[in-house]
Structures are given as structure tokens and as C-alpha cells.
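In: Sequence and computational prediction follow.
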Amino acid sequence: MGASFRWLVGSSWTSNVGDGIALAAGPLLVQSQTDSAFLVALAALVQRLPWLLFGLWAGAIADRVDRRLLVVGANLVRAGVVGVLCAFVATGHVSIGVVLAALFCLGVAEVFVDTTASTLLPMLVDRRDLGTGNARLQAGYLVGNQLVGPPVGAFLFAAGMVWPFVVQAVSILLAVLLVARITTTPVPARAGRTHVRQDIAEGVRWILGNAPVRTLALVILAFNITWAAPWAVLVKYAIDHLDMGEVGFGLLTTASAVGGAVAIGCYGWLERHVRLATLMRACLTLEVLMHAALALTTSGAVAIVLMGVFGLYAFVWGTVSSTVRQRAVPTELQGRVSAAYMVCVYGGVVVGQLLGGILAEAWGVTAPFWFAFAGAGLTLALVWRQLANVAHAGEVDPAPPPAA
């Protein structure tokens, strides 16, 4: 698939290891600076808020400039922010205000990195290889960010508060060196000069006017609302409902990562032997059924198995949906459409987490799961027939036979 693709994969895997380390060390650092539950929750919010504030702008800028250089520049900003945080920690001047400011700045830089990086793959590989390419990038996220990084981050934090962030900064710089070696085809030149707001409006109009892509965006928004509602109370569900304790909660999240690791090995076979529309329907159906099963079970062992299944189909869905979108969207609009999708993802997560807390407080810890079952089921019923068109969006029809 080419040297540039290998540099992209290497950069993604390296960066994900560093981010996975911070995934564990960041909350530990916050916890070490405050006893306030509100400030702990605020730390999670300030990392997602930049997507809602700057996501669409990042997409428009990604469609205007050299995308490779934008990824390099935004990652250098990330490394700089982490470096400053390391200095505060090492000198003993760190505070919750410094941590929150650093998390927000990192969140802003990550908006530009993640939005732009997602546009590079379609510029580097053939359309028929997008599924394989996305699977390898998703594998890097799963292994580095979810499996390897967090335990390493916790270990490094125990060894010394500054060390996980030093390693994260080094990982980001290595990722910059790798992505800088990529050679990309320039984005088609734009006719005339427009304001960024006009570019954003153009991207939104394109999504609204393209039925398959519009349907996929609505599915992602709805399913992130329904998924985030029970996920917001998963720790309470594990401890209070399943009586698994803190270790059991950790096993639930680990099981989902293990399920994703299994999916890494079988995705290529699935893509070759199963239609994309069938894969999409199967993944969303499993999502609906999983919510009901988790609501009904009182067994920790069953819940662990269910979370493993969740990790498997979530990996497949993420790979398929990214591939379908990248095939359907023109190169010059990839940044804006990718950003709009990420706004749907994080907007859905914020709304879902809020609903999950309200529902659990009013009707018990299983209420968010039943809400997710009903909401996801209704959404799937509404889009079931359209998924066939979504799966084949952007595919080029074969050339007609020559006239006799």
C-alpha cells in the first residue's frame, strides 16, 4: 500500500501509545490536585468541549491548507503543551487550574490533528484498500490507546508524577517525525477566495444534500447518544448492580478492548466475504441487543462476555463507517465532512451522558440501558432499508458494455 501509508500507520500507532499513557495518567493527575467531584468531571468536559467549539472550523481549515503540514504543526503544539505541563509538575508548581488549562489546550490541538489526520488515508491508498487501511489505523488506536498505554501510564505515574507526560511528549514528537515523511497529492485548488464560514456552510450543505452520507451522520449522532447514556453510569452499574467492585469495572472495559483485538484478526476476512450493508446492519443490531442484555443480566461474568462482543462489533463498525464515508466524500471536502462527523460523535456523547445521569437518578442504574435499547432500536428500524445505499455510497458504477 506504499511507503507513505506505512509512515502514516507508524505515526498513528506511536501517537496512540502516548495518548493511551495520558488516558490513565491524566485522571490520576487531576485526582491528585483536587477532591472536588465537579472539577474531576470538568476535566473530562474540557477535553470534549473543543470539538463543539472548533470542530467545524478545523475541518474547513484542513480543506484549505497542506494537510500533512497541519498535522505536523498541531502535533508540535500538543508536544509543547505537554512539555509546559511537565515543567509545572517537575517544579512542584502544578495546580488544578494549570491541569485544566493544559487539557483544554490539548483538546483544541487534538481537534485539528484528528480531523486532518483522518483525511490523509484517502489521499494515500486506492479506494479498494480503504477498508484495510482503516482497520490498521483502528488497530493502532485499540492496541496503543486502549490496551498498552493505560497500564503503562498508571505504572509511570506511580514511579513519578511527571514521567507519563514526558513519555507522551516524546511519543508525539516521534509521530511528527514519521508523518513528516509522508508524500501526499495536493488538494485540488479552490476557485476564488472564500471565508471559513462559507466553507463550513458548503460542507454542511453537501452533507444535507447527499442522502447516504446524511443518513450515516444521523445514525452516528443517534447511536452515540444512546451509547453514552449507559456508558456514563457504567462504573455504578458494575459496582452497585453487578456487585463486581472496582476491579470488575476494570475488567468490563478491558473486555471491550480484547473484543476489539479479536476483530483486528478477522476484519479482513469479513470485508472479503460479507457485504458492507450486512456488516453495518449486524453491528447496529448487536448494539441494540447488547443494551437489553446488559439491562437484564445480574451476572458479572455475562456482562464481561457482552462487553467483549461490544468491542468486536464496535471495531468493525468504526472501520466500515469510516471506509464508507471516505469513499463517498470528494477529496476537497474530506476535512469538513470528517469534522462534522466528529461534532456528531462528541455532541451525541455529551447529550447521552447527561441523559444517562438523569435517567439513572430517577429510575435506577438500568434505566439508561433500557433507554439505549429503545432509542437504538427505533433508529435502526428507521434506517434499515437506507443502509444498503449508505454502504455503497461513492462506489463507481462499472462502465457500460460497448455498443454492438
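Out: Sure thing, it's come through.

In: Now do the contacts for Leu76.
Out: Leu76 makes contact with Val176 under the criterion Cβ atoms under 8 Å, 6 or more residues apart in numbering. (C-beta placed from N, C-alpha, C; glycine too.)

In: again, only using 10 Å
Out: Leu76 makes contact with 109, 172-173, 176, according to Cβ atoms under 10 Å, 6 or more residues apart in numbering.

In: okay, now the nearest residue to Leu216 once chain neighbours are set aside: neighbour count?
Out: Leaving out its chain neighbours, the residue that sits closest to Leu216 by Cβ to Cβ, 6 or more residues apart in numbering is Val390, at 5.2 Å. By other Cβ atoms under 10 Å, 23 other residues sit near Val390.

In: How about Gly92?
Out: Neighbours of Gly92 under the rule other Cβ under 10 Å: 7.

In: got the contact list for it?
Out: The neighbours of Gly92, taking Cβ under 10 Å, 6+ apart as the test, are Met161.

In: Okay, and it sits in which element?
Out: Counting by DSSP states H and E, there is no helix or strand that carries Gly92.

In: quick revisit: may I ask which helix or strand encompasses the residue nearest to Leu216?
Out: Going by DSSP H and E, Val390 is in helix 387-391.

In: okay but the residue nearest to Leu216 is in contact with Thr215, surely?
Out: Yes. In this structure, Val390 is within contact of Thr215 by Cβ atoms under 10 Å, at 5.3 Å.

In: residues in contact with the helix holding Val390?
Out: Contacts of helix 387-391 (Cβ under 10 Å, 6+ apart): 211-216, 219, 275-281, 284, 320-321, 323-325, 327-328, 380, 383.

In: and that helix, how far out from the chain's middle?
Out: Taking the mean of its C-alpha atoms, helix 387-391 sits 22 Å from the chain's own mean (Cα atoms, centre = their mean, to the nearest Å).

In: mean confidence score for that helix?
Out: Averaged across helix 387-391, pLDDT comes to 88.

In: what about Thr298, how many neighbours?
Out: Based on other Cβ under 10 Å, the number of other residues close to Thr298 is 10.

In: I misspoke; the intended subject was Val94.
Out: So Val94, with other Cβ under 10 Å, has 20 neighbours.

In: follow-up on the earlier one: adding neighbour count, write the contacts of Leu76 out as JSON lines.
Out: JSON lines is the format used below for these (neighbours: other Cβ atoms under 10 Å):
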{"residue": "Ala109", "neighbour count": "24"}
{"residue": "Ile172", "neighbour count": "26"}
{"residue": "Leu173", "neighbour count": "19"}
{"residue": "Val176", "neighbour count": "20"}
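
In: With adjacent residues omitted, what lies nearest to Tyr237?
Out: Val365 (5.0 Å).

In: Would you show me how to pick out the buried ones of the contacts of helix 387-391 in PyMOL?
Out: The PyMOL selection below is limited to those of the contacts of helix 387-391 classed as buried (16 or more other Cβ atoms under 10 Å):
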select buried, resi 212+213+215+216+219+276+277+279+280+281+284+320+321+323+324+325+327+328+380+383
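
In: In terms of helices and strands, where is Ala101?
Out: Per DSSP H and E: helix 96-124 holds Ala101.

In: Output the next helix or strand after that helix as PDB, restricted to C-alpha atoms.
Out: Scanning forward in sequence from helix 96-124 by DSSP H and E, the next helix or strand is helix 130-140. Below are the C-alpha coordinates for helix 130-140, written out as PDB (Å, rounded to 0.1, in the frame of the first residue of the first chain):
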ATOM      1  CA  LEU A 130      -9.500   1.900   2.400                       C
ATOM      2  CA  GLY A 131     -11.100  -0.800   4.500                       C
ATOM      3  CA  THR A 132      -7.700  -2.500   5.100                       C
ATOM      4  CA  GLY A 133      -6.100   0.900   5.800                       C
ATOM      5  CA  ASN A 134      -8.800   2.000   8.300                       C
ATOM      6  CA  ALA A 135      -8.600  -1.400  10.000                       C
ATOM      7  CA  ARG A 136      -4.800  -1.000  10.600                       C
ATOM      8  CA  LEU A 137      -5.300   2.600  11.900                       C
ATOM      9  CA  GLN A 138      -8.100   1.400  14.200                       C
ATOM     10  CA  ALA A 139      -5.900  -1.400  15.400                       C
ATOM     11  CA  GLY A 140      -3.300   1.200  16.400                       C
END
